Every structure is written in structure tokens, then in C-alpha cells.
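>>> sharing a model prediction with you, sequence too.
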Amino acid sequence: MKTAVVAGLLAATCLSPAAHADALDDIISSGTLRCAVVLDFPPMGSRDADNNPIGFDVDYCNDLAAALGVEAEIVETPFPERIPALMSGRVDVGVASTSDTLERAKTVGMTIPYFAFQMAVTAKDGAGVASFEDMKGKTVGATAGTYEAIALEEQVKEWGEGTFRPYQTQADVFLALSQGQIDATVSTSTVAQANVKTGNFPGISVVGSAPFDTDYVALFAMREEYGLLNYLNLFINQQVRTGRYAELYEKWVGGDLPDLTVPGTYR
Amino acid sequence: MFDTALSWNDMIFLAQGAGMTLMVTAVAVLAGTVMGIVFGVLRYQLGTWWSLPLTFVLDIFRSVPLLIQLVLGNAFQAIARLGWEPFTTSCVILSLYTAAYCTEIVRGGIEAVPPTTRRAARSLGLTWWGDMRYIVAPLATRVSLPAWIGLTLGVLKDSALVLWLGLIELLRASQILVTRLQEPLFILMICGAIYFLLSFPIARLGGYLEKRWSPHD
Amino acid sequence: MFNYTFRWNQALNALPQMLDGALVTLQIALLSMVIGVAVAVALTLFRLSGNRVLRAIAATWVELARNTPALFQIYMAHFGLGAFGIHLSPYASLLAGIAFNNAGYLAENFRGALKAIPDTQTRAARSLGMPAGQAFRLIVMPQMFRVAFLPATNQMVWAILMTSLGVTVGMNTDLAGITQELNARSFRTFEFFAIAAVIYYVIAKAVTLAAQAFAWRMFRY
């Protein structure tokens, strides 16, 4: 009887780690961390002249992999495919500038914010848009499904005039803007500045800020993987604490470092 | 216009994209044709009534936009935790899509073989299999080939939609270059030219065979 | 196997919105067919004409439309023309792209249909004293439409399916556009796209049946 119990306990101790291996264990034991990154979203993610992935999110994923002691693998996902990639287990973590809306948090697990965007208005020169209010009645666009697109579409509806056009990629928005298909766009200021700076899009300039709330973006993982989400939260905290966040910000964006906390509340 | 920032490297990148397009197409057409032949024969043998479930399922693939099929297929494999690469998902969906059309082509081909010919074959002592192999297959192939080539062309072009899943095929490769180099017209024209180069010879072959093998000429 | 909770009620709440989108989808498909048929008839006439330039235009159009992806054509209508300073709205780009595609395929259908009409008919009409134009219009064209009707129905279904590509050029009022937007907001991809698939299926079937009924009334004798 006693031996049976001991044997049973032994078996349970031996087997339970295998049976309860969570995503965090899986990543560490597999030796690879697979990150979903959006690569047409400079400076967060883009491609260099050899078409290799670079950007803030790419570096962030590499740091995370280094912290876990594993290799990083960048999996390019278009904006709409971030979640299916996660759900199917093709990636472990999304490092993809994903706004942490309550609606989305019903489906995936969001960490604390790892980056914060201010919204800026970029306009086509000569379209007569010099501020956010000037966009009233104009044709405007943004990247479909992003925080700013949702806010801008509601604003256009509220104004009751003008047109809103969602494009599937950030690149298409700026292409449309520089061609004059749309008069102005609201995007994250980092993205706007990075795109204007490239000189790829002639005739557009950042004309002002948009009065939308700060867009906090989070890493995401499977909703039920608390172990991993906990680790990610601590990792984000450590990135700020060690100054790595400031370093990466200086490298890719530059300027005033955005605060990742909301005054007067936790998280 | 020819003053372009497009480098040799970028042309190789485009060529890789074209390679991906060809690969997805090849897998889809191959698998789709095999399935199409099996389903086509089944449909013919079972008759309209018994093959109704099969007809219905295959009809879905022809009545829902491929883009929706791809997104839905990808979401499904995600939910089922199959962990498929976008390449696998794309190939599976495109194969089924091809099979749905191919089934109709195969069935049409078999139906075009005169029943009297087949009865004659069976009276000569050929088994069902022998009849299929030596009488129906050669005759039906002749009737079906032009349509099959048309289908192959269709799949080659429709494969552009797999870019939605993040697969870097020809069109997606062009978009990436457009993003970096900002020469939309020039790069898109190269992209179109490559598509044309890939499909025009096949189209011509189809036209030639149609003319050559047409029973009316 | 399924570690996923389906939330159909959330998706079904959006059904009215999606049905509105379905109307837009149908509208674009119908318009693109009307334009497509008109252009295809013109292209067919071009191909028959003695003018070498007209023949070349028609041949180029047909080959381009048939040998490049529809997605490419729509993308080109938006961003390609945009480079020339011609700005089409997403709706117009989508319509232009599909109509371009339709015209190419339909012109090829019409050519095939023309071949099926014996030359002797035109000759008979001409000997009855009809001018060439009238003979084409009254004798050849009606028969051409009859032969080409079934392939044209298929093209109509294709047009419906092609409208889903509008999302790539910023279209957000058709069925695919609305579905994609709902998906981006909530990440419930499977539920929303499954409903969209059902709606597309129903539209495609309804159009096919309507066309069959129409053909039965028009072309029987």
C-alpha cells in the first residue's frame, strides 16, 4: 500500500511538469521565441535594403529572447493576421504595436503597455489641412483596425461630412496620401515622423497632433497563459528600469520618451 | 522613368516572390487535380442524387470568395491549434479550391464520352477499370484539357491572394518594394509583366490545344 | 482540440450591418457587369474591324485582363493610376478593376459565341437586303448573347467574388470591408468571416438561380 502511494506520488511528480508545461516552459525548452511582428510599420518594424527585418519591435523581440535565453525568430504577420498566427501556435508572443483595447482583450491576453503612441496629423501639402480641425469635410484615411482608425472614423461620423478610408497597411496609407488620394491621415506620431523623414513620400508633412488619447500598445499572448503574461509584464518593467527602453527609443524614434503609466492608477 | 532605385537585389527578391507564386500554384494544381479526378469520377458514378453532399461541399468553394476562404481556413487552423505555416494553409485551401473546379471539368469530360462507345468497350469484355483507363481517360482528357489549362491559369493568378496570410509571393514582394522605394507604377508594371510572362505561354498552349483538338474542326 | 469559445451572438449582432454591405457588394457586381458587357461588345467589334489599331487595343485589353490577377488590376486602378494623378475612390477603383476584368473575359466569350454562329446567317441576312450593321445587330448579336449567356452568368458570380478584393484599396462599405473592420476591432476572425462566407454563398446561388430562370424565359423555343 505504502509503496503504491509512494510510486504514485513519484509518478505524479515526474509526469506533472510534462502534463502542465505552459507556454513559458515550451518556449524555454524549445530554445526559440517566435514573435509576430508587423514589418510595414516603420520605425516599429520594417525591412532594410536587403529586405531583412529591422525596427523597434524587432529589437524588443531580440531582447526578450535574450532574457529567456533562447533564439529569437521574427515571424512577419500583416496586421490582420496577428491573432490567427498566435491562436494557431505559430508564434508565442505578439510584439506588434497592438493597441490594448477592451474589445480585443476579450480574445487575447494583453500585457502592460510596452510603448505609447501620440497621434499626429499628416497632410498632403496644398490640401488645406493645417490642423486636426481642418480635416473636417476632407477625405481622410488610416490603417484599418488601428486605434487611430477607429477614433478617426467616429470623428468623421460626428462631423457628418467628409470621407473616411481604411487601408490594410500603413504603407498604403502614406502611398495614398502622397498621391493625393486622401488629404490627410492620423497616425502615431512616431510612424508619421519616420515616414516623412524617409523622403520617400514627397509633398506630405506632419501638421499637428490629434486630440485622441494616448495609444498604449501591449505585447500579447494566449489569454490563459498567465505564466507567460506575468513574465512579459516583468520584462517590460525591467526594460524601462534598466534604461533599455530609453535606449531603443532613442535609436529608432528619438525625442521625448513617452511615459508608459497612466497617472493616478495602477497598470 | 528608368531612373530607378530598383537594385539587382530587389529583382532577385521579386524573382523569389515569383518562385513562391509558382510553388503554391504547382502544389495546388497537382493536389487539386488528383482530388478533382477522384471527385469527378465519384460524382459521375454515384449519379446526381447520391453525390449531392459532395456537390454541395465543392460548390461552397466556388461560391465564396477565395479571400474569405483563406482567412476562414487560417482562422480555423488557428482555432484547431494545427499550427500550420501560412504556406501549408494556403496550399490546402487553394488545392480544395482547385479541386472544386477540376471536379466539374472531369465530370464534363467523362459525360462527353458517348455511352455507346463505352457500351461497346464493355461488350468487348473490358472491365469497368479497363473501360475507364483505355477508353474514357484518353477521350475525356482531350475534351477537358483546354478547360484544365484555363483552371491552372486561374489558380496562378488567384494565388496572389495568399499574400493576405503573410506569404511573400510575387504581388506581396512588389508591395514591399513599393513601400521601400516609392515607385508604385514602375514596380507594379514589372510585377504585371512577370505575371504575364508566367501565364501567357500557358494560355497560348491552351488556345493551341483547343484549336487542334476541337471536335468541330 | 478546440481550446476556443465561439461567440456567435456577438457576430450575429452585426448581421444587419453585414447585410447592408452585401447590398453594396451586389450593386458593384451588377454595375461592373453592365459596364463589362458594354465594353466587351465594343471590344468584340474592334476585333472584327479592319482597323489594325483597334484590333491591337482589343487584343491587348483581353490579354492583360486574362493574364494578370484581378487583385493586381484593382491595386493598379487605385495606386497605379494614382501615380499619374488620377484619383479614384476605393469604390471607383474596385468597380474599374472588376469591369476591366469582366470586359476582357466577356469579349473572349463573345468571340467564342460568334464562332458558333454560322456565316451563312449573315450572308442570308445580307441577301435579304439588310445592311451589315443591321445584320449584325438583329441577327448575330441576339444569338451571340444567347450562346454567351451561361458563361456570362459565371462571370457575374466571379464579379461578386472579386468585390471582396476591395479591402486592399480601402473599401469599407462592401461585405468584405465591413467584415474585415469588425474583425480588426474584436479579433473574432472565424465568427465574422464564417457569416460573411454564408452571405456570399447565398448571393452567388441567388444570382445563378435568377439567371437560370431568366434564361429559361428568354431563350426557350
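Here it is on my side, so go on.
>>> so what pLDDT did the residue sitting nearest the centre point of chain B get?
The centre of chain B sits closest to B:V155, judged by C-alpha atoms, centre = their mean, with a distance of 3.7 Å. We have a pLDDT of 95 for B:V155.
>>> my guess is it contacts B:T98. True?
Yes - here B:V155 reaches B:T98: they are 5.3 Å apart, a contact under C-beta atoms under 8 Å. The C-beta positions use only the backbone N, C-alpha and C, and glycine is treated the same way.
>>> what touches both of the two?
Common neighbours of B:V155 and B:T98, counting by C-beta atoms under 8 Å, 6 or more residues apart in numbering or on different chains, are B:28-29, B:32.
>>> ok, and which of the residues you listed reach chain A?
Near chain A, judged by C-beta under 8 Å from any C-beta of the partner chain, there are no entries from the shared contacts of B:V155 and B:T98.
>>> A:G199: neighbouring residues, count only.
Using other C-beta atoms under 10 Å in any protein chain shown, A:G199 has 8 other residues around it.
>>> list the contacts of the residue nearest to the centre of chain B.
Residues near B:V155 by C-beta under 8 Å, 6+ apart: B:25, B:28-29, B:32, B:94, B:97-98.
>>> residues from chain B in reach of chain C?
By the rule C-beta under 8 Å from any C-beta, the part of chain B lying against chain C is B:60, B:62-69, B:71-72, B:74-76, B:78-81, B:153, B:157-161, B:171, B:178, B:184-185, B:188-189, B:191-192, B:195-196, B:199-200, B:203.
>>> in helices only, show me these.
B:60, B:62-63, B:66-69, B:71-72, B:74-76, B:78-79, B:153, B:157-158, B:171, B:178, B:184-185, B:188-189, B:191-192, B:195-196, B:199-200, B:203 (DSSP state H).
>>> can you tell me the helix or strand for the closest residue to C:M141 other than its chain neighbours?
In space, and not counting its chain neighbours, C:M141 is closest to C:V41: 7.9 Å by C-beta to C-beta, 6 or more residues apart in numbering or on different chains. Assessed by DSSP states H and E, C:V41 sits inside helix C:15-48.
>>> can you point out the buried residues in that helix?
For helix C:15-48, a neighbour-count test (16 or more other C-beta atoms under 10 Å in any protein chain shown) marks C:18, C:21-22, C:24-26, C:28-29, C:32-33, C:35-37, C:39-44, C:46-47 as buried.
>>> touching, B:F196 and C:L64? I think so.
Yes - between B:F196 and C:L64 there is a contact under C-beta under 8 Å: 7.4 Å.
>>> ok, the contacts of B:V155 vs A:G109, which is closest?
Using C-beta to C-beta, B:L94 comes nearest to A:G109 of these, at 32.5 Å.
>>> could you measure from the closest one over to chain C?
In this view, B:L94 and chain C are 13 Å apart by C-beta to the nearest C-beta, to the nearest Å.
>>> what's the answer for A:A130, then?
Look at A:A130 and chain C: by C-beta to the nearest C-beta, they are 21 Å apart.
>>> need the pLDDT of the spatially most central residue of chain A.
Centroid-nearest residue in chain A, with C-alpha atoms, centre = their mean: A:S97, separated by 0.7 Å. What the model reports for A:S97 is a pLDDT of 90.
>>> residues in contact with it?
Neighbouring residues of A:S97 by C-beta under 8 Å, 6+ apart: A:38, A:41, A:44-45, A:57, A:115, A:117, A:188, A:217.
>>> one more time with 7 Å
Residues in contact with A:S97 (C-beta atoms under 7 Å, 6 or more residues apart in numbering or on different chains) are A:38, A:41, A:44, A:57, A:115, A:217.
>>> is it true that the fifth one lies in a strand?
Yes - assigned with DSSP: H, G, I helix; E, B strand; the rest coil, A:F115 falls within a strand.
>>> how far off helix B:66-79 does the host helix or strand of C:V157 point, in degrees?
If you go by DSSP H and E, C:V157 is part of helix C:141-162. Interaxial angle, helix C:141-162 versus helix B:66-79 (axes from the mean of the first three to the mean of the last three C-alpha atoms, to 10 degrees): 30 degrees.
>>> which other helices and strands does helix C:141-162 contact?
Contacts defined by 3 or more C-beta pairs under 7 Å, 6 or more residues apart in numbering or on different chains; DSSP states H and E place helix C:141-162 against helix C:15-48, helix C:90-115, helix C:189-218.
>>> quick one: closest of these to A:T111.
helix C:189-218 (21.3 Å).
>>> contacting residues for residue 121?
The chain I'm using is chain A. Contact partners of A:V121, counting by C-beta under 7 Å, 6+ apart, are A:132, A:135, A:184, A:186, A:207-210.
>>> think we crossed wires, I meant chain C
Residues near C:Q121 by C-beta under 7 Å, 6+ apart: C:I139.
>>> tell me the pLDDT at residue 197?
Picked chain A for this. Here the pLDDT value assigned to A:K197 is 82.
>>> other chain: chain B
pLDDT at B:L197 comes out at 92.
>>> identify the residue spatially nearest to A:R90, adjacent ones excluded.
The shortest distance from A:R90 to any non-neighbouring residue, by C-beta to C-beta, 6+ apart, is to B:G83 (5.9 Å).
>>> would you mind identifying the helix or strand in chain C with the lowest mean pLDDT?
Least confident helix or strand of chain C, by mean pLDDT, DSSP states H and E, is helix C:81-82 with a mean of 84.
>>> list the contacts of it.
Contacts of helix C:81-82 (C-beta under 7 Å, 6+ apart): A:179, A:181, C:88.
>>> run through those residues and flag the ones next to chain B.
By C-beta under 7 Å from any C-beta of the partner chain, no member of the contacts of helix C:81-82 lies near chain B.
>>> can I get the residues you listed in JSON lines with neighbour count, distance to A:V240 and secondary structure?
Output for these, formatted as JSON lines (neighbours: other C-beta atoms under 10 Å in any protein chain shown; distance: C-beta to C-beta, whole Å; DSSP: H, G, I helix; E, B strand; the rest coil):
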{"residue": "A:Q179", "neighbour count": "21", "distance to A:V240": "39", "secondary structure": "helix"}
{"residue": "A:Q181", "neighbour count": "27", "distance to A:V240": "39", "secondary structure": "coil"}
{"residue": "C:L88", "neighbour count": "17", "distance to A:V240": "46", "secondary structure": "coil"}
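>>> re earlier: could you pick out the buried ones from the ones in helices among the residues of chain B next to chain C?
Applying a neighbour-count criterion of 16+ other C-beta under 10 Å, the buried members of those are B:60, B:62-63, B:66-69, B:71-72, B:74-76, B:78-79, B:153, B:157-158, B:171, B:178, B:184-185, B:188, B:191-192, B:195-196, B:199, B:203.
>>> what does chain C put close to chain A?
Contacts of chain C with chain A, taken as C-beta under 7 Å from any C-beta, map to C:79, C:82-83, C:87, C:90, C:167-168, C:170, C:172, C:180-181, C:183-189.
>>> please flag which of those residues sit within strands.
Judged by DSSP state E, the residues of chain C next to chain A include no members of strands.
>>> who are the contact partners of the spatially most central residue of chain C?
Chain C has C:A159 as the residue nearest its centroid, 3.2 Å off, counting by C-alpha atoms, centre = their mean. Counting by C-beta under 7 Å, 6+ apart, C:A159 makes contact with C:29, C:32-33, C:98, C:102.
>>> measure it to C:A29 for me?
From C:A159 across to C:A29, the span is 4 Å (C-beta to C-beta, to the nearest Å).
>>> let me see the contact set for residue 184.
No chain in the question, so chain A it is. Applying C-beta under 7 Å, 6+ apart, the residues near A:A184 are A:121-124, A:127, A:129, A:135, A:138, A:140.
>>> wait, I meant chain B there
Applying C-beta under 7 Å, 6+ apart, the residues contacting B:P184 are A:175, B:178, C:79-80, C:83.
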